[in-house]
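Participant: A structural model of the following input is requested.
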Amino acid sequence: MEKITSKNNELIKYAKKLFTSRKARTQERKFVLEGARLSFDALNSSYEISTFLITEKAAEKYPDQLNEMLEAARNAYFISEEAAQKLGETENTQGVFCICEIPETENRIEKGKKYIALDSLQDPANLGAIIRTAEALGIDGAICFNCCDIYNPKALRASMGSILRLPIILSDDLVGDIENAKALGFSVFAAVPSKEAEDITKINFPDSSIMIIGNEGNGISDEVKAVATKQVTINMLGRAESLNASMAGAITMWEMLRGK
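Facilitator: Next up is the predicted model:
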């Protein structure tokens, strides 16, 4: 394997740009994973690995995974510790990175499945945490509308690799997508902090269901709430008026799947 020693190498600068710029990720249709767990998770995903980068120290620690990566990646390079520190987005980088391709094909909702829909979530940690919980609980997919970039490094880390495995639908028109889903027989639920909404624990969720979680500050938009089948709420006994988006997502998804 060829070794990149300079932190100013063009490939290192290119990868760093993919880390820091959503525009670059969108234009290049590529994103970067950092760390042994995330990078090696890509081996068991549908994502194509364009370039693998690893320090010699890390290669000694992960010899089996290195061999797998050499089989899977189109290109692979050793990089110096200095280049790894320049590239890394974490305080203490493990010296393992891979550049992956964003697929051209899009996921679509399928009848008989349960989805979480995210309306304008802007915190990548929230988005990643919700997707991690969705995969863990057995939700069939996530619909993201006007959200932060799912390939943001913070979202990828918070998801612990779930973004690589859970089917994700990127919506350009959530109202239209909800109406189309309802035409297919889906029931669509909007999670709201309102005493007038139905208690979520009293709902029997059909097999074809979508639960919507709203923006951290403003909740679900009025337009989206208007086309939902029903508004539901998590009744709280304490004095807090609402929950963090990722916590609300976890509770609502648990209720969707309870008794499944």
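Participant: any low-confidence regions in the protein?
Facilitator: In the prediction, the chain carries residues with pLDDT under 70 at positions 239-241, 259-260.
Participant: go again with 50.
Facilitator: Low-confidence regions of the chain, defined by pLDDT under 50, are absent; no residue qualifies.
Participant: how about the helices of it, start to end?
Facilitator: Listed from the start of the chain, the chain has helices (DSSP state H) covering 10-20, 22-28, 36-41, 56-61, 63-72, 81-87, 124-137, 153-159, 174-183, 222-227, 245-257.
Participant: and the second one, what does it pack against?
Facilitator: Going back to what we said before, that points to helix 22-28. Contacting helix 22-28 under the criterion 3 or more Cβ pairs under 8 Å, 6 or more residues apart in numbering; DSSP states H and E are the following elements: helix 10-20. Bear in mind the C-beta positions are built from the backbone N, C-alpha and C, glycine included.
Participant: same list, the helices of the chain, but as JSON lines with distance to residue 94 and mean neighbour count please.
Facilitator: Below are the helices of the chain laid out as JSON lines (distance: least, Cβ to Cβ, whole Å; neighbours: other Cβ atoms under 10 Å):
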{"stretch": "helix 10-20", "distance to residue 94": "15", "mean neighbour count": "17"}
{"stretch": "helix 22-28", "distance to residue 94": "22", "mean neighbour count": "14"}
{"stretch": "helix 36-41", "distance to residue 94": "5", "mean neighbour count": "20"}
{"stretch": "helix 56-61", "distance to residue 94": "6", "mean neighbour count": "15"}
{"stretch": "helix 63-72", "distance to residue 94": "12", "mean neighbour count": "14"}
{"stretch": "helix 81-87", "distance to residue 94": "8", "mean neighbour count": "19"}
{"stretch": "helix 124-137", "distance to residue 94": "18", "mean neighbour count": "23"}
{"stretch": "helix 153-159", "distance to residue 94": "12", "mean neighbour count": "22"}
{"stretch": "helix 174-183", "distance to residue 94": "37", "mean neighbour count": "17"}
{"stretch": "helix 222-227", "distance to residue 94": "40", "mean neighbour count": "14"}
{"stretch": "helix 245-257", "distance to residue 94": "25", "mean neighbour count": "20"}
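Participant: of all the ones you listed, which lies closest to residue 168?
Facilitator: Each of the helices of the chain was scored for nearness to residue 168 using Cβ to Cβ, and the closest is helix 124-137 (7.3 Å).
Participant: C-alpha coordinates for the closest one, CSV please?
Facilitator: C-alpha atoms of helix 124-137 as CSV (Å, rounded to 0.1, in the frame of the first residue of the first chain):
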residue,chain,number,x,y,z
PRO,A,124,-27.3,16.0,14.0
ALA,A,125,-26.9,14.3,17.4
ASN,A,126,-30.7,14.1,17.7
LEU,A,127,-31.1,12.7,14.2
GLY,A,128,-28.4,10.1,14.7
ALA,A,129,-29.8,9.0,18.0
ILE,A,130,-33.3,8.6,16.6
ILE,A,131,-32.0,6.5,13.7
ARG,A,132,-29.9,4.4,16.1
THR,A,133,-33.0,3.8,18.3
ALA,A,134,-35.2,3.1,15.2
GLU,A,135,-32.8,0.3,14.1
ALA,A,136,-32.5,-1.1,17.6
LEU,A,137,-36.3,-1.3,18.2
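Participant: what comes into contact with it?
Facilitator: Outside of helix 124-137, the residues that reach it under the criterion Cβ atoms under 8 Å, 6 or more residues apart in numbering are 116, 118, 121, 141-142, 144, 147-150, 152-160, 162-163, 165-166, 168, 213, 216, 244-246, 249-250, 253-254, 257.
Participant: residue 85 - nearest residue in space that isn't next to it in sequence?
Facilitator: residue 93 (6.3 Å; Cβ to Cβ, 6 or more residues apart in numbering).
Participant: dump the residue contacts of that neighbour.
Facilitator: By Cβ under 8 Å, 6+ apart, residue 93 lies in contact with 34, 35, 84, 85, 87.
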